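**Student:** No letters, just coordinates:
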């Protein structure tokens, strides 16, 4: 069965203090790894898809990378508006997304 | 471009009752997936509909059922509600039943069981 583990569970950062979130996965036949951002009371918002080891994607202060066993979401010089829960999900040789429990990021001004 | 919309936003039911949740997919999307998200957890896959047929199901009992309509909107029905069914129910739409296109989520229906 697909397994996705995210760490840490929670991360408190000072504005401008860069950090990384980890997503480790076990899946048979990875078809894609997805990063989402979820604000309180809202649905997940799509950020990135990564398809193969070595691939990188960037959007503003966020950068996602992928290896054969894990993915990292790097947050560079975060701002308070980057505060959210970041979810990682994998898609294997079927139809569903398997999600991790998320990392809740709080950025203080 | 219209995003995924879900109704109602909040719902309170009692044990044993039945509930229907609704979802309108993003324009151009023909695939709808439903997820259950408990507090502090990631979403758990319930099932997926592609062109009005269920083409995948997670580890949920048969009292969780669904429909997809010709306009690709969808319903999630839950019978014999239990206290553990209290959660945020998310609908996501995408293009292509077996493709690797990203799923786009609505803001969910918060279901509380008393």
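**Tutor:** Nice, thanks for sending it over. Just so you know, these numbers come straight off a predicted model, no measurement behind them.

**Student:** from here on, contacts and neighbour counts on C-alpha atoms
**Tutor:** Noted.

**Student:** do you know how far residue A:75 is from chain B?
**Tutor:** Distance of residue A:75 to chain B, computed by C-alpha to the nearest C-alpha, to the nearest Å: 21 Å.

**Student:** so what's the closest residue to that residue other than its chain neighbours scoring on pLDDT?
**Tutor:** Closest residue in space to residue A:75, ignoring its immediate chain neighbours: residue A:62 at 4.9 Å, by C-alpha to C-alpha, 6 or more residues apart in numbering or on different chains. For residue A:62, the model assigns a pLDDT of 98.

**Student:** list the contacts for residue A:62?
**Tutor:** For residue A:62, the contact set (C-alpha atoms under 8 Å, 6 or more residues apart in numbering or on different chains) comprises A:73, A:74, A:75, A:76.

**Student:** Counting neighbours, what do you get for residue A:44?
**Tutor:** When neighbours are defined as other C-alpha atoms under 10 Å in any protein chain shown, residue A:44 has 25 of them.

**Student:** So which bits of chain A are right by chain B?
**Tutor:** Residues of chain A lying close to chain B by C-alpha under 8 Å from any C-alpha of the partner chain are A:31-32, A:34, A:41-46, A:49, A:87, A:91, A:94-102.

**Student:** residues contacting residue 15?
**Tutor:** Went with chain A since none was named. A:77, A:78, A:79, A:80, A:107, A:108, A:109.

**Student:** wait, I meant chain B there
**Tutor:** B:80, B:81, B:82, B:83, B:113, B:114.

**Student:** give me the number of residues near residue A:45?
**Tutor:** Residues contacting residue A:45 under the criterion other C-alpha under 10 Å number 18.

**Student:** Any idea what it is bridged to?
**Tutor:** Beta-bridge partners recorded for residue A:45 (DSSP bridges): residue A:37.

**Student:** The one 5 residues further on now?
**Tutor:** Beta-bridge pairing of residue A:50, defined through DSSP bridges, involves residue A:33.

**Student:** helix or strand right after the helix or strand bottoming out on mean pLDDT in chain A?
**Tutor:** For chain A, counting by mean pLDDT, DSSP states H and E, strand A:97-99 ranks last in confidence among helices and strands (a mean of 93). Later in the chain than strand A:97-99, the nearest helix or strand by DSSP states H and E is strand A:103-108.

**Student:** and for that following strand, what are the contacting residues?
**Tutor:** Around strand A:103-108, the neighbours that count as contacts under C-alpha under 8 Å, 6+ apart are A:6-15, A:21, A:78-87.

**Student:** quick check, distance from that strand to the centre of its chain.
**Tutor:** Distance, stretch centre to chain centre, for strand A:103-108: 13 Å (C-alpha atoms, centre = their mean, to the nearest Å).

**Student:** partners of that strand in the sheet?
**Tutor:** strand A:10-14 (parallel), strand A:84-91 (antiparallel).

**Student:** can I get the contacts of residue B:15 in TSV with neighbour count, pLDDT and secondary structure?
**Tutor:** As requested, the contacts of residue B:15 are exported to TSV (neighbours: other C-alpha atoms under 10 Å in any protein chain shown; pLDDT from 0 to 100; DSSP: H, G, I helix; E, B strand; the rest coil):
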residue	neighbour count	pLDDT	secondary structure
B:80	13	98	coil
B:81	19	98	coil
B:82	17	97	coil
B:83	13	97	helix
B:113	17	97	strand
B:114	11	95	coil
